[in-house]
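>>> Predicted model and sequence below, questions to follow.
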Amino acid sequence: MLSVSEVEKIILDLVKPFDPAIDSELLPLSQAIARVLAEDVSSKLDFPHWDNSAMDGYALRYADLEDLPELKLAIAPDEISAGISRSRSLATGECIRIFTGGMLPNGADTVIMQEDVEPIDNFLYLKTKPTHGEYVRHKGQYIQAGTTLVDSGTRITATEIGALAAARCPQVRAYRQPKIAIISTGNELVNLDSSQPLQAGQIIDSNIHALSALITQAGAIAIPFGAIPDDLESLEKVMQQAIASTDMVISTGGVSVGDYDYIDGLLEKLGAEIYVRSVAIKPGKPLTVASLGKVLYFGVPGNPVSSMMSFWRFIRGAIAKLNGANSTYWYPQFIKATTTQDLHAQGRRETYLWGKLTYEKGNPVFQPVSDYSSGNFISAIGANATAVMRVNQTYVSAGDEAIVMFLNG
Ligand code: AMP
Ligand code: MG
């Protein structure tokens with residue numbers, strides 16, 4: 001059986017990222033949040049655009065303070081607030097009232113903040129000597145025109161939106177969102193919108209909704225193909241449709257070794273190359289990873305927590321890579337946290353124990369749940385992290401540190 005890290009590598013090697021020339025679109029900046037930038041955006045402007053004051057105070061020429069018997073300057077009969085264009089130069093021995101964001105007048109190179117001075121009549125008395133260049137934001141200090149502002153492959157957050165707006169980019173080129181098919185398999189499954197009472201043995205197809213939500217959170221578009229009975233003909237038809245019309249397919253159920261587990265056989269019939277059939281992970285051991293041309297196919301287990309774990313551990317990163325996001329987005333994020341309870345694992349497979357990660361006085365603390373059955377999706381309500389027990393690691397004592405993987409983000 002393949003290890004978790006082997007499977008992660010196989011999957012990421014199989015993913016061919018979108019082509020920015022084909023799989024991208026121009027978007028208004030207001031619609032670009034959470035999308036992946038498909039080209040480097042360089043700034044046409046220097047930031048700051050001109051030397052300006054970082055404080056409310058007085059602009060002065062540092063050299064004027066040299067050899068003064070008393071720290072005293074003449075106050076120019078004028079003031080510079082933000083938005084006023086520079087209209088005057090500073091004469092020798094002169095200073096001028098300036099406000100944050102105000103353009104530094106010609107000749108000035110230093111700002112002293114108003115708390116450090118006392119204006120009396122037309123003179124300014126400095127309580128301390130400023131350092132040369134203090135409180136001046138220099139033209140081009142943050143970034144110079146022509147330099148890359150945001151790299152291609154960045155997932156756009158509020159900070160990039162702000163910077164791109166400041167750089168006058170009303171539109172950005174982003175990768176299109178991947179379309180991800182979801183197929184639920186199982187004779188027992190009933191659609192959520194069915195009005196019929198559940199018959200004995202039936203359950204609602206919850207996976208299609210949980211996976212749709214995970215796909216949306218990952219920045220992709222979920223295309224649900226519904227709950228398909230364990231019937232070779234219907235399954236083959238739907239799998240073909242999904243493969244032909246989307247960028248990636250996830251099916252749930254039917255990948256174990258039971259009599260109704262048809263997925264691998266059908267994939268072979270459809271000409272797929274199968275790379276993974278199971279992983280040394282708990283939950284989520286049955287996992288089929290196959291490729292059909294450009295489409296990557298994931299057959300995940302039907303047990304609700306198992307299917308989500310396959311997504312969190314493997315599929316989320318694959319979607320990020322497919323979507324053109326740079327490699328920092330391809331891997332789950334881990335943190336060390338103190339566990340509040342003993343953690344147990346059998347040690348044969350890498351074991352994921354879900355629970356709640358909180359912070360006590362700034363220190364990460366992990367609280368496991370009490371029941372780790374992969375069918376018990378109720379136990380996963382509120383979970384935001386999962387402790388990871390490596391192969392051969394069977395015990396972490398309460399109060400000790402565990403490795404914890406973030407589930408969100
Ligand atoms: P399977 O992987 O098909 O053997 O299913 C494993 C378990 O997960 C069974 O108890 C199924 O009833 C349950 N299951 C399968 N598919 C779903 C689904 N789409 N939603 C909720 N539970 C499911
Ligand atoms: Mg089944």
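Alright, I've got the coordinates. Numbering: from 1, shown residues only. Ligands and ions are numbered 1, 2, ... in the order given.
>>> Would you pull up how far stretch 354-368 lies from the middle of the chain?
Centre-to-centre, stretch 354-368 and its host chain are 21 Å apart (C-alpha atoms, centre = their mean, to the nearest Å).
>>> Check which residues of stretch 333-348 are buried.
Neighbour-count burial for stretch 333-348, counted by 16 or more other C-beta atoms under 10 Å, picks out 337-341, 343, 345. C-beta here means a position set from N, CA and C on the backbone, and glycine is covered the same way.
>>> Find the pair from those residues with maximum spatial separation.
Thr338 and Ala345 (17.7 Å; C-beta to C-beta).
>>> In contact with the nearest residue to Glu350 once chain neighbours are set aside: list those residues for me.
Nearest residue to Glu350, sequence neighbours excluded (C-beta to C-beta, 6 or more residues apart in numbering): Val4, at 4.7 Å. Neighbouring residues of Val4 by C-beta atoms under 8 Å, 6 or more residues apart in numbering: 279-281, 313, 350.
>>> I'd like those residues as a markdown table, with pLDDT and distance to ligand 1 appended.
Shown next, in a markdown table, are these (pLDDT from 0 to 100; distance: C-beta to the nearest ligand atom, whole Å):
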| residue | pLDDT | distance to ligand 1 |
| --- | --- | --- |
| Val279 | 98 | 14 |
| Ala280 | 98 | 18 |
| Ile281 | 98 | 15 |
| Arg313 | 98 | 17 |
| Glu350 | 98 | 20 |
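>>> Put the buried members of these into a PyMOL selection.
Listed next is the PyMOL selection for buried residues among the contacts of Val4, using 16+ other C-beta under 10 Å:
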select buried, resi 279+280+281+313+350
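>>> Give me the subset of the contacts of Val4 lying in strands.
Counting by DSSP state E, the part of the contacts of Val4 found in strands is 281, 350.
>>> Show me where the stretch 1-150 of the chain has its helices.
Ranges of helices within the stretch 1-150 of the chain are 4-14, based on DSSP state H, counting those that start in this stretch.
>>> Can you list the low-confidence ranges for it?
Along the stretch 1-150 of the chain, segments meeting pLDDT under 70 span 86-87.
>>> just the strands in it please.
For the stretch 1-150 of the chain, the strands defined by DSSP state E, counting those that start in this stretch occupy 24-28, 41-42, 52-53, 57-60, 72-80, 94-98, 110-113, 117-120, 123-126, 136-137, 148-150.
>>> returning to that earlier point: arrange the buried residues of stretch 333-348 in CSV, one row each, with secondary structure and distance to ligand 2 as further columns.
Conversion of those to CSV gives the following (DSSP: H, G, I helix; E, B strand; the rest coil; distance: C-beta to the ion, whole Å):
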residue, secondary structure, distance to ligand 2
Ala337, strand, 35
Thr338, strand, 39
Thr339, strand, 34
Thr340, coil, 35
Gln341, coil, 32
Leu343, strand, 30
Ala345, coil, 26
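>>> With pLDDT and distance to Pro69 as added columns, please give those in JSON lines.
Formatted as JSON lines, these follow (pLDDT from 0 to 100; distance: C-beta to C-beta, whole Å):
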{"residue": "Ala337", "pLDDT": "98", "distance to Pro69": "62"}
{"residue": "Thr338", "pLDDT": "98", "distance to Pro69": "63"}
{"residue": "Thr339", "pLDDT": "98", "distance to Pro69": "68"}
{"residue": "Thr340", "pLDDT": "98", "distance to Pro69": "68"}
{"residue": "Gln341", "pLDDT": "98", "distance to Pro69": "73"}
{"residue": "Leu343", "pLDDT": "98", "distance to Pro69": "73"}
{"residue": "Ala345", "pLDDT": "98", "distance to Pro69": "78"}
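>>> which one of these is nearest ligand 1?
The closest of the buried residues of stretch 333-348 to ligand 1 turns out to be Ala345 (C-beta to the nearest ligand atom; 21.2 Å).
>>> Could you list the residues of the stretch 51-200 of the chain in contact with ligand 1?
Counting by C-beta under 6 Å from any ligand atom, the residues of the stretch 51-200 of the chain lying close to ligand 1 are 184, 186, 188-189.
>>> Recalculate using a threshold of 5 Å.
184, 186, 188 (C-beta under 5 Å from any ligand atom).
>>> For Met239, see how far away the first one is.
Going from Ser184 to Met239 by C-beta to C-beta, to the nearest Å gives 12 Å.
>>> okay, and the common contacts of the two?
Joint contacts of Ser184 and Met239 (C-beta under 8 Å, 6+ apart) are Ser251.
>>> Could you check how far the residue nearest to Glu350 is from Ile208?
For Val4, the distance to Ile208 - C-beta to C-beta - is 25 Å.
>>> So what's the residue count around the nearest residue to Gln141 once chain neighbours are set aside?
Excluding its sequence neighbours, the residue lying closest to Gln141 (C-beta to C-beta, 6+ apart) is Pro48, at 6.4 Å. Close neighbours of Pro48, defined as other C-beta atoms under 10 Å, add up to 18.
>>> Alright, that wraps it up for me.
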